[in-house]
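Asker: Got a predicted model here, sequence first, then my questions.
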Number of protein chains: 4
Amino acid sequence: MPNHPPINFASDNAAPVCPEIMAAIIAANDGPSLGYGNDDLTRNVENKLKDVFECDLKAYPVATGTAANVLGLSVMTPPWGSVYCHQLSHIELDECGAPEFYTGGAKLVLMPGENGKIDPQDLDKTLSLSGKGVVHHVQPAALSLTQSTECGTVYTPDEVTVLSQIAKASDLGVHMDGARFANAVVGLGCSPADITWKAGVDILSFGGTKNGAMAVEAVVIFDMEKASEFEFRRKRGAHLFSKMRYLSAQLDGYLTGDVWLGNAQNANQMASSLVEMLGSLDDVSLVYPVDANEVFIRLGEDKIEALAAANFLFYRDANKELGQIRLVTSWNTSQADINAFIDCLS
Amino acid sequence: MPNHPPINFASDNAAPVCPEIMAAIIAANDGPSLGYGNDDLTRNVENKLKDVFECDLKAYPVATGTAANVLGLSVMTPPWGSVYCHQLSHIELDECGAPEFYTGGAKLVLMPGENGKIDPQDLDKTLSLSGKGVVHHVQPAALSLTQSTECGTVYTPDEVTVLSQIAKASDLGVHMDGARFANAVVGLGCSPADITWKAGVDILSFGGTKNGAMAVEAVVIFDMEKASEFEFRRKRGAHLFSKMRYLSAQLDGYLTGDVWLGNAQNANQMASSLVEMLGSLDDVSLVYPVDANEVFIRLGEDKIEALAAANFLFYRDANKELGQIRLVTSWNTSQADINAFIDCLS
Amino acid sequence: MPNHPPINFASDNAAPVCPEIMAAIIAANDGPSLGYGNDDLTRNVENKLKDVFECDLKAYPVATGTAANVLGLSVMTPPWGSVYCHQLSHIELDECGAPEFYTGGAKLVLMPGENGKIDPQDLDKTLSLSGKGVVHHVQPAALSLTQSTECGTVYTPDEVTVLSQIAKASDLGVHMDGARFANAVVGLGCSPADITWKAGVDILSFGGTKNGAMAVEAVVIFDMEKASEFEFRRKRGAHLFSKMRYLSAQLDGYLTGDVWLGNAQNANQMASSLVEMLGSLDDVSLVYPVDANEVFIRLGEDKIEALAAANFLFYRDANKELGQIRLVTSWNTSQADINAFIDCLS
Amino acid sequence: MPNHPPINFASDNAAPVCPEIMAAIIAANDGPSLGYGNDDLTRNVENKLKDVFECDLKAYPVATGTAANVLGLSVMTPPWGSVYCHQLSHIELDECGAPEFYTGGAKLVLMPGENGKIDPQDLDKTLSLSGKGVVHHVQPAALSLTQSTECGTVYTPDEVTVLSQIAKASDLGVHMDGARFANAVVGLGCSPADITWKAGVDILSFGGTKNGAMAVEAVVIFDMEKASEFEFRRKRGAHLFSKMRYLSAQLDGYLTGDVWLGNAQNANQMASSLVEMLGSLDDVSLVYPVDANEVFIRLGEDKIEALAAANFLFYRDANKELGQIRLVTSWNTSQADINAFIDCLS
């Protein structure tokens, strides 16, 4: 019988809200405030994001990562458009058709690629055969990159730049699913600008929920022309909050004092620690390089069962033959959690 | 210059979160919890709603009233269906086409009717001419009632029953937009069951946000057959929260100890007090009977300007010729707020 | 027992194909021809329409009137847009939600108005209260006029101009449902240009099927900027014909030698003759002025039954209390048909 | 300079209408006929299809192959559903997103497979990992097979049966894109029933246009429960013809005297003759086995250019490196056409 309460490696979204963000929510709960974003907190958050990204931009809070992704894609893609994305991407696998719904029926074109990253040559070749301008075919409209990726790797600024250039040569918009954007920034040690607008990204889902917030993401639009219809799309998707201040407060607490980077720093460090300690074990292998806060390992059936029995929470790949599990660290993963995990496997 | 901070009659959604609900949110922020509703808080909330409504049901938390309404309607209405609703209803006027989006293009058929209430004879007549079964015409699919209405009135249980019977005689589902459901229950002094499933309602948007919550509504499905596809629709609409526990915590705090009824009780009492005190003023007239927490009045241009200058928040009808404003009381409106308002007009 | 085969006043679409168009179809059936409009017939038809309308334009053949209307509207209206139309319009009443489908969920805003015509003052007032730019409300996007109207009346060039000017002052596109456009041109004795682009129309459904064709309409786009996405929308709607030449042949036969005007001339004359002869009868009253080829009359129950028994085909209003029927004349209605009808009523 | 008019191997839809069908159209052009399918021709066509398929069924004429496919799929697939199809299928590559449009945003899941045919093991494996019942994932809803395939091959009855059984074990509906169904029936020498409902097919796009008709396909529904909403979907898609009799007449002429099989017989024989004669040439290789009326070959750049210069019409693969062209024979391809083609290559 486990001698400890559940230890969470299931997902960073199974972690609670970090104290700074909870404090910001409580502070926002003071007196009346006009609804739908007509409040100072909301206005300030956009300014803070301008500072973070060192440029002009439009920023719109929403409450789920899927909402951020699909609303962002919807302003880049006509209903007869196509979105080029990795075959393991969240928008393809884990959003139950939300991208198709919000774009009015656009098609996701799936790209293979090692370690969850799209290969520039594949993208170039696929685009060259896409039938652009031919009425029988859906029309290439957007490239969507996940940063950090579904495999826990990150694209370097140069890699993003090369992919964006290929995309823009075919007039595609460039979208970045940044549900774990903070983990990528910390992993790369670059500036937020370096892997977004400076590398060709037009719209970013700037994630908060997985990194210590309660339920908030910001859709950050660098290509201001694409912003004009966003607000109507958000409202029509039922994602405009009347009590917007509580979303904005989360973003405010997240950005103030670089809480967002500190949270990701912890998550990434714990993942590094986990990788290092796993190295000493036989019969456990890493599936992908670990650049951020996700660790995929292969191990024996008996060990997987032992971990579950010992009250560790994690996801196992649906293809059970692989013997593969995913471990995600978060803002509140502790070294003790890592040690307990390694102990269980040793 | 106003000698007081803003006093909110703009909307009940401009009020802050009530203390009981904030406490419940804080209490939920304890340790890891599996995402997407796989948590005890979420399971318990459904049970509490079964107690409140004295029946079996399915309940799904979402974060906006529009999401609750349009997801509810979407499981009742095919894309070629029509939804019968009042011409002043929120789904028609204030949701930027979200009902059409979520239903895949259904049509709202607008009904007139005094004081924001659909007239049974009108409904009957309109349905009889709707061309049911004829391929050229959209097919009657749902009746949507707002309770309390956009005019601040309420339907009695008998009135709901009569309208539901007409609807069901034509095989329509019955939806209730209960963004201010608590105010209706308190205003009527009836049980929640009396004006919902006992009166023929199949799906209810059970409102929380306008009555003291941060951002939560429950879609309550009494007709269990309609529940099967709801979860896929919610996810695809990007309204499934990973950290669901914080939505469920709000509902938990809302229901526990009948906070929801207490909050509505205050709002309704303050509206009554306002109506009573307005009665003593010349040149101010009520537009509709006041059954809940909304008060519509007509008054002179000079008085409207005086109220705005004195830091009262309220909405004015877009048709300025009417000289009509809307005053909404909430869980934290005080008698002092009412007195100050009357003073300003006297 | 009727001593004659069915006599058609049910609809002009119950008439057969006129000989000139059938001859053009047969003539087109000669050797191979590349598909999807890459053929000379299709290219020529666009040129012929430029002559007819005395301007540059883009023209796209489709096979149904509903397809023409909804594809035309779809390039003017975002999913969160609204289309202002008469409450009796075909797009509202007889297209089973196709406008909502093709626009991605836009809303039809219904305008009253005598004799099937929208009143400029109503339009102006409604637009002024539409909440343009406000995120809660669907955004005014298009005005749709039916010419000739559902009541058999026509808008004069001046009337179209006034309505278009109001629409354009609010940045709406102007669409014309011309399923019976030829009947309107003949009825007015004006040029096709006078009641279209010269009067502010951006996109016209130029009807053929009801006026002697087999199944063809042309979507005529005067506002060339709106053409760019049309072809993708048509293909995606499954309305791009591989053997396009047979649609184009119909239009060719229709336009050559002004067959289209000759056909409408006969239909309108027969309607006039009918009206004149009805004037001699007691107990039969006209519902609307007759400007084109539709005649709405009120008469007794016994007479309606007598007409049906005598093998006359016609539509009766769903609201039977009205005792109202619709009589439509077509390119092949004869004076003998009219005489027989009057005999039956005398 | 070519000494002959264009010889069509571009597509069977570049061929004209066969004489029997044109005669049927002309014969239908006689007197009035009520619209929208309320005519005897339409009723009779359904009965003829019952005879052809030896079972009860519902049949709906539409005018394009894409309309047939996407309307058929739309009654099998919810907006959050997925359709399993070959990666080369017409619904994926050549319909500009129409399947996504008509299903409200369903996802096409692409299956590899030799010679244009889905491999049963691949299907089984993919379905087993599809996440059925899990709210994050689109839900498997339909299998779509193309018969004959995009590569000119055919599925045997046993192959269809095996795939259908796998599909039905996961509650998928089975759709067959039969744009070249007649060619498959002739190629297999089986009965129409053998490769449709007897092998598990629920809905068939029964093609006419590519096999001698002007513009008609029949959506044949064997699973009658799926028929109830079809008519509303067809109308809402703007595919219900007012002058339906001219679609039905085409089907009537097509079915009477087995014209449909005779036309396909000629196309297939000409393809066989072409294959045989190509066998004598060096430097020309077949890409796929030839089971019906499509022949894919690889040949040198100079030969491709020579064929084009000599007025042969054909499609070349967009990936020019392949040196691959497609040759389609039709109801009116002659041995002289084949001979001329071979002469040009010799």
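Answerer: Nice, I can see it. Numbering: from 1, shown residues only, chains lettered A, B, ... in the order given.

Asker: What are the boundaries of the helices in the stretch 1-150 of chain A?
Answerer: Listed in chain order, the helices of the stretch 1-150 of chain A (DSSP state H, counting those that start in this stretch) span A:19-28, A:40-53, A:65-74, A:90-93, A:98-103, A:120-128.

Asker: For chain A, give me the ranges with low pLDDT.
Answerer: Across chain A, the ranges flagged by pLDDT under 70 are A:1-2.

Asker: can you tell me which helix in it is longest?
Answerer: For chain A, the helix with the greatest residue count under DSSP state H is helix A:259-278.

Asker: chain center to the helix or strand just after it: distance?
Answerer: Next along the chain after helix A:259-278, taking DSSP states H and E as the criterion, comes strand A:285-286. Averaged C-alpha coordinates place strand A:285-286 at 23 Å from its chain's average position (Cα atoms, centre = their mean, to the nearest Å).

Asker: give the contact list for residue A:51.
Answerer: Contacts for residue A:51 were tallied using Cβ atoms under 8 Å, 6 or more residues apart in numbering or on different chains; there are none. Any C-beta I mention is one placed from the backbone N, CA and C, and that applies to glycine too.

Asker: Now find how far off-centre the longest helix of chain A is within its chain.
Answerer: So, by Cα atoms, centre = their mean, the centroid of helix A:259-278 is 16 Å from its chain's centroid.

Asker: One more: stretch A:28-44?
Answerer: 26 Å.

Asker: follow-up on the earlier one: between the longest helix of chain A and helix A:40-53, how big is the angle?
Answerer: Orientation check (axes from the mean of the first three to the mean of the last three Cα atoms, to 10 degrees): helix A:259-278 against helix A:40-53 gives 50 degrees.

Asker: near chain B at all, helix A:259-278?
Answerer: No - Helix A:259-278 stays clear of chain B (Cβ under 8 Å from any Cβ of the partner chain), getting no nearer than 13.6 Å.

Asker: Only the buried residues of that helix, if you could.
Answerer: A:259-275, A:277-278 (16 or more other Cβ atoms under 10 Å in any protein chain shown).

Asker: Likewise for stretch A:337-346?
Answerer: Applying 16+ other Cβ under 10 Å to stretch A:337-346 flags A:337-338, A:340-342, A:344-345 as buried.

Asker: how about the residues of chain A that lie near chain D?
Answerer: A:79-81, A:93-97, A:100-101, A:104-108, A:110, A:129, A:131, A:135-138, A:318-319.

Asker: Please convert the buried members of those residues into ChimeraX selection syntax.
Answerer: Restricted to buried positions by 16+ other Cβ under 10 Å, the ChimeraX selection for these reads:
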select /A:79,80,81,93,94,95,96,97,100,101,104,105,106,107,108,110,131,135,137,138
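
Asker: How about residues contacting stretch A:165-174?
Answerer: With Cβ under 8 Å, 6+ apart as the criterion, stretch A:165-174 contacts A:76-77, A:84, A:120, A:123-124, A:127, A:130, A:132, A:140-143, A:145, A:163-164, A:200-203, A:223, A:226.

Asker: CA-only coordinates of that stretch, as PDB, when you get a sec.
Answerer: Backbone C-alpha positions of stretch A:165-174 (Å, rounded to 0.1, in the frame of the first residue of the first chain) are rendered in PDB as follows:
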ATOM      1  CA  GLN A 165      10.200  31.400 -44.000                       C
ATOM      2  CA  ILE A 166       9.000  28.300 -45.900                       C
ATOM      3  CA  ALA A 167       5.500  29.000 -44.700                       C
ATOM      4  CA  LYS A 168       5.500  32.600 -45.600                       C
ATOM      5  CA  ALA A 169       6.900  31.900 -49.100                       C
ATOM      6  CA  SER A 170       3.500  30.200 -49.600                       C
ATOM      7  CA  ASP A 171       1.600  33.000 -47.900                       C
ATOM      8  CA  LEU A 172       0.800  30.900 -44.800                       C
ATOM      9  CA  GLY A 173       0.300  32.500 -41.400                       C
ATOM     10  CA  VAL A 174       2.400  31.100 -38.600                       C
END
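
Asker: for that stretch, the distance to its chain's centre please.
Answerer: 21 Å.

Asker: quick one on the thing from earlier: residues in contact with the longest helix of chain A?
Answerer: Under Cβ under 8 Å, 6+ apart, the answer for helix A:259-278 is A:12, A:18, A:20-21, A:152, A:180, A:182-183, A:185-187, A:208, A:211-212, A:253-254, A:284, A:286, A:290, A:292-295, A:297, A:327, A:329-335, A:337-339, A:341-342, A:345.

Asker: So which of these belong to helices?
Answerer: A:20-21, A:182-183, A:185-187, A:253-254, A:335, A:337-339, A:341-342, A:345.

Asker: Residue C:3: which of those is nearest?
Answerer: Using Cβ to Cβ, residue A:254 comes nearest to residue C:3 of these, at 85.9 Å.

Asker: What about the closest one, how many residues nearby?
Answerer: When counting by other Cβ atoms under 10 Å in any protein chain shown, one arrives at 29 neighbours for residue A:254.

Asker: can you check residue A:42 too?
Answerer: Residue A:42 has 23 nearby residues by other Cβ under 10 Å.

Asker: what sits against the nearest residue to it once chain neighbours are set aside?
Answerer: Leaving out its chain neighbours, the residue that sits closest to residue A:42 by Cβ to Cβ, 6 or more residues apart in numbering or on different chains is residue A:248, at 4.2 Å. Residue A:248 makes contact with A:28, A:37, A:39, A:41-42, A:44-45, A:61, according to Cβ under 8 Å, 6+ apart.

Asker: Select, from the ones in helices among the contacts of helix A:259-278, the two members most distant in space.
Answerer: A:253 and A:345 (36.1 Å).

Asker: Kindly reformat the buried residues of stretch A:337-346 as TSV containing distance to chain B.
Answerer: As requested, the buried residues of stretch A:337-346 are exported to TSV (distance: Cβ to the nearest Cβ, whole Å):
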residue	distance to chain B
A:337	10
A:338	15
A:340	14
A:341	14
A:342	19
A:344	17
A:345	20
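
Asker: tell me which of those is nearest to residue A:304?
Answerer: Among those, and counting by Cβ to Cβ, the member closest to residue A:304 is residue A:345, at 10.1 Å.

Asker: In contact with that closest one, which residues?
Answerer: By Cβ under 8 Å, 6+ apart, the neighbours of residue A:345 are A:278, A:281, A:284, A:299, A:303, A:306-307.

Asker: Please identify which of the ones in helices among the contacts of helix A:259-278 is nearest to chain D.
Answerer: residue A:183 (20.9 Å; Cβ to the nearest Cβ).

Asker: The closest one - how many residues pack around it?
Answerer: 32.

Asker: close to chain C, is the longest strand seen in chain A?
Answerer: Longest strand in chain A, counting residues (DSSP state E): strand A:139-146. Yes - counting by Cβ under 8 Å from any Cβ, chain C is contacted by strand A:139-146 at residue A:139.

Asker: Can you name the secondary structure element that comes next after that strand?
Answerer: helix A:157-169.

Asker: how about that next one: buried residues?
Answerer: So helix A:157-169, judged by 16+ other Cβ under 10 Å, has buried residues A:157, A:159-164, A:166-167.

Asker: angle of the very next helix or strand once past that helix against helix A:65-74?
Answerer: Remark: after helix A:157-169, the chain's next helix or strand is strand A:173-178, criterion DSSP H and E. With the same axes, to 10 degrees defining the directions, strand A:173-178 sits at 170 degrees from helix A:65-74.

Asker: Next, the buried residues of strand A:173-178.
Answerer: A:173-178.

Asker: now do stretch A:35-51
Answerer: A:35-37, A:39, A:41-42, A:45-46, A:48-49.

Asker: so how far is chain D from residue A:151?
Answerer: To chain D, residue A:151 is 17 Å away according to Cβ to the nearest Cβ, to the nearest Å.

Asker: What of residue A:145?
Answerer: Distance from residue A:145 to chain D, by Cβ to the nearest Cβ: 20 Å.

Asker: That residue: neighbouring residues, count only.
Answerer: 27.
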